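Asks: Got a predicted structure here, sequence first:
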Amino acid sequence: MKRRGMSGLLIGGLWLGVVFSGVRPIVSLSGRVGVDPQLTQEVKRRRQALMHQLGDGALLILFSAEPRTFERDIDYEYRQDSNLYYLTGIDQPGTILVLMPGNRTQKEILFLRRRDPTRELWTGRMLRQDEARSISGIEVIYDADLFDTFIESVLNGQPFGPRTYGPTIEYAGFFDALHQGRAVVYLALENRPGLKRLPNRVWRFAEKIRRRFLGIDVRDVTPLLHRMRLVKSPYELTQLRRAIEITCRAHREAMKALRPGKYEYEIEAVVEYTFKRLGAAWPAFPSIVASGPNATTLHYDRSTRQIHPGELLLVDIGAEYHYYAADVTRTYPADGRFTPDQAALYDLVLEAQREALKLVRPGSTIPQIHQRAVDVLKRGLHRLGLITSEETSQYRLWFPHGTSHWLGMNVHDVGDRNAPFEPGMVLTVEPGLYIREDTFQRIRQEDPELAAAIEPAFRKYRGIGVRIEDDVLVTESGYVVLSKNAPKMITEIEAIMTRH
């Protein structure tokens with residue numbers, strides 16, 4: 001996956017740290033760090049809200065994301081762990097956040113990697129403690145090398161570092177809980193059924209605590225953080241709106257650039273150039289630019305095929321702006337005009353989306369949105385001859401995925417999929433149809449009678465993939481489509497494409 005990190009120039013022996021405008025903190029050529037006061041106030045508010053839920057006997061530890069190896073000694077571009085960034089605004093590896101709500105004054109502690117000129121020569125400028133303090137609003141900052149000593153002391157009931165109120169009063173809340181056997185250490189374990197996790201630093205750390213410090217309860221903090229992240233603040237909605245607007249602009253530019261004979265990667269280049277030009281320095285996920293039969297592969301990301309006349313191009317893209325992700329899909333014709341068969345499937349998907357959107361309002365749920373889209377698609381597929389029954393799950397042959405997911409700091413964002421909608425939640429609504437050759441061949445092997453019945457329709461529509469996806473904000477009275485500036489009506493798309 002393509003990710004980003006700090007870049008820079010070495011001029012006359014002087015390292016000039018440069019960070020794209022889509023990244024906080026912004027480091028200027030003079031080496032000064034720009035601070036967004038709104039972000040600082042936002043992360044301070046979030047920490048206070050979380051500590052209120054944790055209680056005085058808790059200790060929260062969040063680790064920064066670990067760099068991922070691309071190959072040998074080359075890493076992928078760095079992206080901070082979303083939860084850590086959500087609470088600190090710090091975009092730097094080697095960072096650890098500790099929250100101790102029961103402390104007298106030092107309720108928030110940040111461990112920051114010490115600046116190293118040799119490391120900075122290769123990887124870019126690192127934050128000074130005063131800069132991290134300005135960005136995060138956290139006053140107490142220690143070198144990351146001291147973290148192990150800190151944990152050893154505190155979990156053994158021994159104070160750490162200088163304190164204004166004496167050797168034990170500062171940590172009285174946590175130490176009382178420790179002595180009474182009710183201390184809790186919270187980690188971001190994201191321990192939920194069905195989630196496949198490889199052993200990582202957090203899990204190893206949790207096991208170490210369980211083995212060495214009997215009586216301390218180790219819990220997963222992610223349910224609390226996921227609930228907080230589900231309802232977006234005005235600040236978050238500002239970042240999301242910008243990410244989505246950049247993505248809509250990229251769709252329009254891609255429509256203008258599309259011609260038969262171009263390669264998928266040429267359209268992808270237009271998309272990602274538009275992202276960067278408008279201030280989003282990287283995609284929120286690998287761009288999907290899928291032509292012809294590739295559009296029937298849900299997460300196709302190779303972008304190597306030449307686009308042929310008469311085909312559709314499915315473009316599922318999202319800019320990431322200040323750690324907030326867009327996710328908008330449009331499907332457009334290579335020739336600038338939909339064929340009647342393409343239009344028939346496209347209009348069915350559009351109808352399913354239109355009906356599903358009517359249910360987006362406080363109190364509704366993602367499963368209800370999905371079922372409404374399914375009901376429309378069933379009727380349409382039966383009418384077109386692609387299924388023989390609306391009473392079975394045959395529709396899943398051509399619509400195998402869900403209609404919606406949460407959107408926020410991650411493109412498939414955190415949160416309970418069954419949570420009733422509240423104002424401030426943001427989700428996608430994305431029905432699709434994928435008339436895939438492999439699917440029909442499997443039907444032919446498993447159910448020859450069904451295959452014979454739908455074969456005429458399959459021959460008519462085979463190789464067509466259509467998805468229409470919008471990003472939607474739940475409001476007090478219903479919803480707002482945030483991605484409305486990406487054209488999706490057939491007449492709108494054809495007008496843009498034939499005008500250029």
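Replies: Everything's here; your move. Residues are numbered from 1 along each chain as shown.
Asks: Which residue, neighbours along the chain excluded, lies closest to the residue most central in space within the chain?
Replies: By CA atoms, centre = their mean, the chain has its centre lying nearest to N410, at 1.4 Å. In this structure, N410 finds its nearest non-sequential neighbour in S82, 5.7 Å apart by CB to CB, 6 or more residues apart in numbering. Using the backbone N, CA and C atoms, a C-beta is placed for each residue, glycine as well.
Asks: now that neighbour: how far from F111?
Replies: 19 Å (CB to CB, to the nearest Å).
Asks: ok, which stretches of the stretch 201-350 of the chain are helices?
Replies: 201-212, 222-230, 234-257, 264-277, 340-357 (DSSP state H, counting those that start in this stretch).
Asks: E355: what's it in contact with?
Replies: 372-373, 375-376 (CB atoms under 8 Å, 6 or more residues apart in numbering).
Asks: Out of these, which sit inside helices?
Replies: 372-373, 375-376 (DSSP state H).
Asks: Give me the below-cutoff pLDDT ranges for the stretch 401-500 of the chain.
Replies: Within the stretch 401-500 of the chain, the segments meeting pLDDT under 70 span 500.
Asks: Doesn't V185 lie inside a strand?
Replies: Yes: according to DSSP: H, G, I helix; E, B strand; the rest coil, V185 belongs to a strand.
Asks: can you pull up the bridge partners for it?
Replies: L59, V218 (DSSP bridges).
Asks: shouldn't it be in contact with I209?
Replies: Yes: V185 lies in contact with I209 (CB atoms under 8 Å); the separation is 5.8 Å.
Asks: For PyMOL, write a command that selects the buried ones of the ones in helices among the contacts of E355.
Replies: Those of the ones in helices among the contacts of E355 that count as buried under 16 or more other CB atoms under 10 Å are selected in PyMOL with:
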select buried, resi 372+373+376
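Asks: Low-confidence ranges, this protein, go.
Replies: In the chain (pLDDT under 70), the answer is 1-33, 162-168, 192-199, 500.
Asks: again, only this time at 90
Replies: 1-35, 73, 123, 161-169, 190-201, 281, 499-500 (pLDDT under 90).
Asks: Show me it divided up by domain.
Replies: The chain breaks down into these domains under automatic domain parsing: 37-227, 232-498.
Asks: Mean neighbour count, these: which tops it?
Replies: domain 232-498 (a mean of 19; mean count of other CB atoms under 10 Å).
Asks: Distance from the helix or strand that contains A177 to the middle of the chain?
Replies: A177 is located in helix 172-179, with elements delineated by DSSP states H and E. Centroid separation between helix 172-179 and its chain, computed with CA atoms, centre = their mean, to the nearest Å, is 37 Å.
Asks: got the contact list for it?
Replies: Counting by CB under 8 Å, 6+ apart, 56-59, 100-104, 154-155, 157, 168, 183-184, 216 sit against helix 172-179.
Asks: repeat that with 6 Å
Replies: With contact meaning CB atoms under 6 Å, 6 or more residues apart in numbering, helix 172-179 is reached by 56-57, 59, 100, 102, 157, 183.
Asks: Repeat that for stretch 327-334.
Replies: Stretch 327-334 is contacted from outside by 247, 251, 255, 260, 307, 311-316, 318, 407, 411, 428, 466-467, 469, 483, 486, 493, using CB under 6 Å, 6+ apart.
Asks: Go through those residues and flag which are in strands.
Replies: Mapping these onto strands (DSSP state E) picks out 312-316, 428, 466-467.
Asks: Just the closest of the residues you listed to L359, please.
Replies: Comparing those against L359 with CB to CB places T428 closest, at 14.0 Å.
Asks: mind listing what the closest one touches?
Replies: 327, 404-405, 407, 469, 471.
Asks: Those residues into JSON lines, with extra columns for distance to Y273?
Replies: Listed next are the contacts of T428 as JSON lines, based on distance: CB to CB, whole Å:
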{"residue": "D327", "distance to Y273": "19"}
{"residue": "S404", "distance to Y273": "30"}
{"residue": "H405", "distance to Y273": "27"}
{"residue": "L407", "distance to Y273": "23"}
{"residue": "E469", "distance to Y273": "22"}
{"residue": "D471", "distance to Y273": "22"}
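Asks: residues touching Y235, list them.
Replies: Y235 neighbours (CB under 6 Å, 6+ apart): 38, 42.
Asks: one more time with 8 Å
Replies: 38-39, 42.
Asks: Farthest-apart pair in the contacts of helix 172-179, please.
Replies: Across those (CB to CB), the longest gap, 15.2 Å, separates D56 and G157.
Asks: related to what we said a few turns ago, can you redo the helices of the stretch 201-350 of the chain as TSV with distance to N191?
Replies: As requested, those are arranged in TSV below (distance: least, CB to CB, whole Å):
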stretch	distance to N191
helix 201-212	9
helix 222-230	8
helix 234-257	26
helix 264-277	34
helix 340-357	32
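Asks: and Q38, helix, strand or coil?
Replies: Q38 - assigned by three-state DSSP - is helix.
Asks: wait, which of the contacts of T428 is closest to F421?
Replies: For these, the nearest to F421 is S404 (10.3 Å; CB to CB).
Asks: That closest one sits in which helix or strand?
Replies: Assessed by DSSP H and E, S404 sits outside every helix and strand.
Asks: and what of R79?
Replies: Going by DSSP H and E, R79 is not part of any helix or strand.
Asks: mind checking how far G161 is from S483?
Replies: Taking CB to CB, one finds G161 at 48 Å from S483.
Asks: what's the answer for E449, then?
Replies: Applying CB to CB to E449 and S483 gives a distance of 42 Å.
Asks: same deal with Q180?
Replies: Relative to S483, and taking CB to CB, Q180 is found at 52 Å.
Asks: got it, and V472?
Replies: 8 Å.
Asks: go on, T392?
Replies: 33 Å.
Asks: and what of V185?
Replies: 41 Å.
Asks: Check G463 too.
Replies: 27 Å.
Asks: and if you look at R229?
Replies: 20 Å.
Asks: what do you get for W406?
Replies: To S483, W406 is 15 Å away according to CB to CB.
Asks: Same question for T40.
Replies: 29 Å.
Asks: Can you report phi and psi for F111?
Replies: Dihedral angles of F111 (phi, psi; degrees, to the nearest 10) stand at phi -110, psi 120.
Asks: Now A451: closest residue in space that isn't a chain neighbour?
Replies: Nearest to A451 is R444, by CB to CB, 6+ apart, at 4.1 Å.
Asks: What helices and strands are in contact with the helix or strand where the one you found lies?
Replies: Element membership for R444 (DSSP H and E) is helix 437-446. Using 3 or more CB pairs under 8 Å, 6 or more residues apart in numbering; DSSP states H and E as the contact test, the elements touching helix 437-446 are helix 448-461.
Asks: what angle separates the helix it packs on from helix 437-446?
Replies: 160 degrees (axes from the mean of the first three to the mean of the last three CA atoms, to 10 degrees).
Asks: All set, thanks.
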